[in-house]
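show me how the following folds:
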Amino acid sequence: MDAAASEIYGSGDHDAAFKAYLEAADLGSIDSQFMVGTLYQCGIGCEIDMEKAREYYAYAAERGHKIAQHYYGALLQMGLGGPVDMEAAVFDNLYAAYSLTASGQVSRCFLIELKLRAAENGVSGALDQAMELFRSPVETLVKV
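Numbering: from 1, shown residues only. Below is the predicted model of the structure:
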């Protein structure tokens with residue numbers, strides 16, 4: 001179904017593509033859930049609906065779609081489609097960044113920087129977490 005929806009999208013019939021992606025998303029395709037979120041966010045084949053975009057990104061993010069995790073985190077951070085949730089936004093963006101690295105590892109400095117930014121934005125406990133990362137041995141940052 002994803003391939004058919006992509007083919008329809010490529011033909012330029014965005015209304016039909018939206019319907020095809022929505023059908024595949026509702027059947028559980030995480031790639032189509034991500035695409036439906038993107039289409040809602042951009043108003044392609046449908047009206048812009050940030051609540052729906054956030055909802056579909058969340059579906060895909062919860063099931064492991066790395067780019068959806070990043071997009072969902074961005075909507076949480078900006079308060080688009082719902083309230084601002086900096087703690088969840090930092091988690092989703094951190095998880096996505098961590099997951100997208102080829103080696104399964106991410107720079108310790110990068111992790112600390114994310115936590116410090118979260119602390120600047122008022123996320124409770126973020127400064128303590130940054131300090132824990134700073135003091136922790138390197139092997140604790142390796143994804144097993």
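
in this structure, what helix or strand scores lowest on average pLDDT?
helix 86-100 (a mean of 58; mean pLDDT, DSSP states H and E).

hmm, T38 and D49 touching each other?
No: counting by Cβ atoms under 8 Å, D49 stays clear of T38, with 11.9 Å between them. From N, CA and C alone the C-beta is placed, and that goes for glycine too.

so where's this protein shaky on pLDDT?
The chain contains residues with pLDDT under 70 at 85-115, 123, 126, 130, 133-144.

break down it into its helices, ranges please.
2-11, 14-26, 30-42, 50-62, 66-78, 86-100, 108-120, 126-135 (DSSP state H).

so which of those helices is the most surrounded?
Mean neighbour count (mean count of other Cβ atoms under 10 Å) peaks for helix 30-42 among the helices of the chain, with a mean of 23.

what's that one packed up against?
helix 2-11, helix 14-26, helix 50-62, helix 66-78 (3 or more Cβ pairs under 8 Å, 6 or more residues apart in numbering; DSSP states H and E).

and these as a markdown table, adding distance to V84?
Putting those into a markdown table (distance: least, Cβ to Cβ, whole Å) gives the following:
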| stretch | distance to V84 |
| --- | --- |
| helix 2-11 | 31 |
| helix 14-26 | 26 |
| helix 50-62 | 12 |
| helix 66-78 | 7 |
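
wait, which of the ones you listed is closest to Q129?
Closest to Q129 of the helices and strands packed on helix 30-42, according to Cβ to Cβ: helix 66-78, at 16.4 Å.

now do that closest one and helix 30-42, the angle between them.
30 degrees (axes from the mean of the first three to the mean of the last three Cα atoms, to 10 degrees).
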